[in-house]
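Chemist: Here is a sequence with its predicted model. Questions after.
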Amino acid sequence: ILNVEQSPQSLHVQEGDSTNFTCSFPSSNFYALHWYRWETAKSPEALFVMTLNGDEKKKGRISATLNTKEGYSYLYIKGSQPEDSATYLCASLNQAGTALIFGKGTTLSVSS
Amino acid sequence: NAGVMQNPRHLVRRRGQEARLRCSPMKGHSHVYWYRQLPEEGLKFMVYLQKENIIDESGMPKERFSAEFPKEGPSILRIQQVVRGDSAAYFCASSPCGGPGGCEQYFGPGTRLTVT
């Protein structure tokens, strides 16, 4: 059974703070790691799809790194803004490469 | 380009009735995934379909649940003889490709099923 773990479960920061969260996943039979952002009352929105060890991806103030050998990915948010408040999900493809297995997410709250 | 559409957004069924949830993928997407979010839990994979084929249904309960994605029309998730434990939010996602390549999945707004 593939377990994807995320930490912390929730996080509260002040506007302007930089923050990061962790996603850990089994490193064997790795295919791809996805990050999603899920705002309340909206649909999950894809942030990054990462496949190669050492991958670094960036979208505005959000970036992510991937270590497939040790089975973890970090998501960084630089200079958090209130609009960054959301739940951030990571997911790894299952061994068959056919399904995304999601972690429970990290809920970020940014206060102004 | 319209996003993934799901309907209805809210569905109330009495125990024993059938629930039919519809998902229209984004234009050009032939891969559809269904996920379920039970109260206080994360998203759980249910089934992956490609036009007219079920590719992976390892997350589907063995009984009462079925899914299809016909050549024409939306994908349907069907739950027969619903029970209270089926109350959940059901999300559909579509993708232009599938398999280990890791294409982005685009999610619909979900259908919230309540069984009374």
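Modeler: On my side now, so go ahead. Model, not experiment: these values are computed from the prediction.
Chemist: Chain A versus residue B:93, what's the distance?
Modeler: 8 Å (Cβ to the nearest Cβ, to the nearest Å). Heads up, the C-betas are built off the backbone N, CA and C, glycines and all.
Chemist: those strands in chain A, which residues are they?
Modeler: Taking DSSP state E to define them, one finds strands in chain A at A:5-7, A:10-14, A:19-24, A:33-38, A:45-50, A:56-59, A:62-67, A:72-77, A:86-93, A:100-102, A:106-111.
Chemist: Would you mind finding the most buried of these?
Modeler: strand A:86-93 (a mean of 25; mean count of other Cβ atoms under 10 Å in any protein chain shown).
Chemist: Name the strands paired with it and say parallel or antiparallel.
Modeler: Neighbouring strands of strand A:86-93 in its sheet, by DSSP bridges, are strand A:33-38 (antiparallel), strand A:100-102 (antiparallel), strand A:106-111 (antiparallel).
Chemist: Dump those into TSV; add distance to residue B:26 and mean pLDDT as well.
Modeler: What follows is the strands paired with strand A:86-93, written out as TSV (distance: least, Cβ to Cβ, whole Å; pLDDT from 0 to 100):
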stretch	distance to residue B:26	mean pLDDT
strand A:33-38	16	96
strand A:100-102	17	92
strand A:106-111	27	97
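Chemist: Same list as before, these that is, but in TSV and with distance to residue B:7 included.
Modeler: Listed next are these as TSV, based on distance: least, Cβ to Cβ, whole Å:
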stretch	distance to residue B:7
strand A:33-38	20
strand A:100-102	23
strand A:106-111	28
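Chemist: Could you give the bridge partners of the closest residue to residue A:52 other than its chain neighbours?
Modeler: Leaving aside its sequence neighbours, residue A:52 sits nearest to residue A:66 (Cβ to Cβ, 6 or more residues apart in numbering or on different chains; 7.1 Å). Going by DSSP bridges, residue A:66 is paired in beta bridges with residue A:73.
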